[in-house]
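J.: This is the structure alone, sequence omitted:
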């Protein structure tokens, strides 16, 4: 089975692209969603996060996302330490999930494949991009946040130019019709590789 990474900066539209692959019958693993689940259900992960960020990291046994976001997005080193706790747990969970899938290839949607030096885990990587102002507008509509916070989060991720050099495919997410056409084209290529 081919393992494909789907990545892109915050607000680029990874989830939109992932849904298009799912519509084509491709199993897609959403790393952000699964990470949140693991941070709320894995005792080991919870203990390590509390050790790193303090008791306020959880409120009544549930991840205190606002508190954590404020702490880690203000400190690159704290963000890296949190990722060092969560990402290996997500990786193991993904591998177990992938074994159960019946498909030519599976996709792991993950925002920070390159930032975590995880590109070697994948047979192919698809990069989703969008212009910076489009990304900011999407995030402002989606999240309760400020432009300043968004720019800080974008600053913690690699630039699209840097990621593109290490990616096998690029999806530009400005226009839904072209995004769908390009997604189908990549799907055909990946299916032919796994035969």
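T.: Sure, I can see it. If you're wondering where the values come from, they're calculated on a predicted model, not measured in any experiment. Numbering: from 1, shown residues only.
J.: Please, where are all the helices along the protein?
T.: Using DSSP state H, the helices assigned to the chain run over residues 14-23, 31-41, 43-53, 65-72, 76-99, 132-142, 147-155, 160-164, 176-193.
J.: Packing partners of the last one?
T.: Helix 176-193 sits against strand 2-7, helix 14-23, strand 105-109, strand 124-129, strand 169-172, with contacts defined as 3 or more Cβ pairs under 8 Å, 6 or more residues apart in numbering; DSSP states H and E. All C-beta atoms are positioned from the backbone trio N, CA, C, and that covers glycine.
J.: Export the ones you listed to JSON lines and append columns for distance to residue 67.
T.: Putting these into JSON lines (distance: least, Cβ to Cβ, whole Å) gives the following:
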{"stretch": "strand 2-7", "distance to residue 67": "27"}
{"stretch": "helix 14-23", "distance to residue 67": "24"}
{"stretch": "strand 105-109", "distance to residue 67": "25"}
{"stretch": "strand 124-129", "distance to residue 67": "29"}
{"stretch": "strand 169-172", "distance to residue 67": "34"}
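J.: Present the ones you listed as CSV; the columns should include mean neighbour count and mean pLDDT.
T.: Supplementary listing: the helices and strands packed on helix 176-193 in CSV, determined by neighbours: other Cβ atoms under 10 Å; pLDDT from 0 to 100:
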stretch, mean neighbour count, mean pLDDT
strand 2-7, 22, 97
helix 14-23, 19, 96
strand 105-109, 24, 97
strand 124-129, 23, 98
strand 169-172, 19, 96
